[in-house]
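Q: 3D model of this:
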Amino acid sequence: MPTLSEPQLVQLAQQIKTWGKALGFQQVGISDVHLDKAEQHLHDWLAKGLHGEMDYMAKHGSKRTRPAELEPGTQRVISVRMDYLPDANAMQENLNEAQRAYVSRYALGRDYHKLMRNRLQKLATQISGEIGEFGYRAFVDSAPVLEKAIAAKAGLGWVGKHSNLINSDAGSWFFLGELYTDLALPVDDSTPDHCGTCTTCMDVCPTQAIIEPYVVDARRCISYLTIELHGPIPPELRPLIGNRIYGCDDCQLYCPWNRFAELTPEADFQPRHQLDAIGLVEAFGWDEETFLRHTEGSAIRRIGHERWLRNIAVALGNAPQAANIIAALKGRAAHPSALVREHVEWALHRQSHDETL
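A: Got it, this is the predicted structure:
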């Protein structure tokens with residue numbers, strides 16, 4: 001590790017922020033590695049079982065909350081954010097169109113993991129070109145990292161009542177990434193919480209998953225139900241999902257701070273395969289080969305074709321009765337997967353107005 005004086009570290013921190021913005025990050029901040037408050041919050045959340053089947057949230061022990069245990073020698077975290085919102089106008093329209101699929105905005109384009117990790121690697125290369133070899137490791141939602149708590153400490157925003165990070169100048173439609181480093185860089189000031197008395201995110205949540213300010217019961221969250229959950233979606237929650245087939249954006253869509261959000265300049269985050277306006281019946285008709293082709297390089301592929309059909313069956317069941325929907329569902333009634341068949345049967349009962357199931 002290079003030996004740098006305090007003035008050199010201050011200058012380097014400024015250079016890092018300049019380089020980061022040139023690489024396409026909208027903001028760069030630096031935090032220390034003391035996450036005691038966030039660690040306690042995580043422990044309380046896990047103890048209540050609010051993480052559902054997301055066992056990975058607990059299995060790494062304190063590596064998630066103590067960066068130096070995950071990457072020995074870490075003294076600072078360079079935290080970055082990158083805007084991803086492709087279109088601010090189509091969201092409500094999609095939600096209002098019952099036969100149209102709603103896909104969370106973050107998943108409409110190419111998977112952000114590789115793109116951001118490559119940019120972080122370029123940032124690390126620029127740093128080493130300036131000071132020589134140093135210790136670092138890049139993360140983009142790819143390891144046990146408390147990215148939102150770190151970003152808050154780095155001054156990128158504050159964790160809102162919906163548990164997403166909010167920036168007063170940019171809203172919350174952005175991805176986060178981290179560069180753990182052994183450089184003793186000067187840290188940035190954290191941002192005060194500006195949610196105030198607002199409870200909009202809690203009020204609009206379709207499943208009332210935000211059970212108290214800053215606490216989300218993942219087991220009720222539509223993003224969890226449609227992405228993380230591997231088995232059947234609880235029947236009592238299915239009618240509340242509406243036409244959301246992959247994730248949910250409502251807590252961000254209605255957050256007052258997002259009136260300041262800006263559209264992404266990244267071409268890779270623009271919608272692909274018309275996923276921002278695709279019809280439910282059309283998407284339900286994709287065979288596995290078509291699904292894999294249309295989700296290549298997309299975050300959506302991780303749920304697989306079976307859960308894709310499961311989710312869309314629920315959305316079709318929630319749509320107003322229509323002959324084309326009933327025909328599509330009957331076409332999958334004998335699907336090899338018991339999971340798909342269960343949700344198709346439920347949807348057919350809904351379409352016949354028998355909502356007792």
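Q: how about the strands in the stretch 51-200 of the chain?
A: 76-83, 102-103, 136-139, 158-159, 165-166, 174-181 (DSSP state E, counting those that start in this stretch).
Q: least trustworthy helix or strand in the chain by mean pLDDT?
A: Of all helical and strand segments in the chain, the minimum by mean pLDDT, DSSP states H and E falls on helix 90-96, at a mean of 90.
Q: what helices and strands are in contact with it?
A: When contacts are defined as 3 or more C-beta pairs under 8 Å, 6 or more residues apart in numbering; DSSP states H and E, helix 90-96 sits against strand 102-103. C-beta coordinates here come from the backbone N, C-alpha and C atoms, glycine included.
Q: do me a favour and average the pLDDT over the strand it packs on.
A: The average of the pLDDT scores along strand 102-103 is 97.
Q: what lines up beside that strand in the sheet?
A: Looking at strand 102-103 with DSSP bridges, its partner strands are strand 244-246 (parallel).
Q: circling back to that earlier point, turn the strands of the stretch 51-200 of the chain into JSON lines, columns for mean neighbour count.
A: Shown next, in JSON lines, are the strands of the stretch 51-200 of the chain (neighbours: other C-beta atoms under 10 Å):
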{"stretch": "strand 76-83", "mean neighbour count": "26"}
{"stretch": "strand 102-103", "mean neighbour count": "26"}
{"stretch": "strand 136-139", "mean neighbour count": "21"}
{"stretch": "strand 158-159", "mean neighbour count": "19"}
{"stretch": "strand 165-166", "mean neighbour count": "26"}
{"stretch": "strand 174-181", "mean neighbour count": "25"}
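Q: so which of the ones you listed comes closest to Ala90?
A: strand 102-103 (9.8 Å; C-beta to C-beta).
Q: you'd agree Leu275 is in a strand?
A: No: counting by DSSP: H, G, I helix; E, B strand; the rest coil, Leu275 is not found in a strand; it is coil.
Q: list the residues that contact it.
A: Ala101, Val103, Ala107, Leu108, His294, Ile300 (C-beta atoms under 8 Å, 6 or more residues apart in numbering).
Q: my read is that the first one contacts Ala315, right?
A: When you say that, I think you mean Ala101. Yes: between Ala101 and Ala315 there is a contact at 6.6 Å, judged by C-beta atoms under 8 Å.
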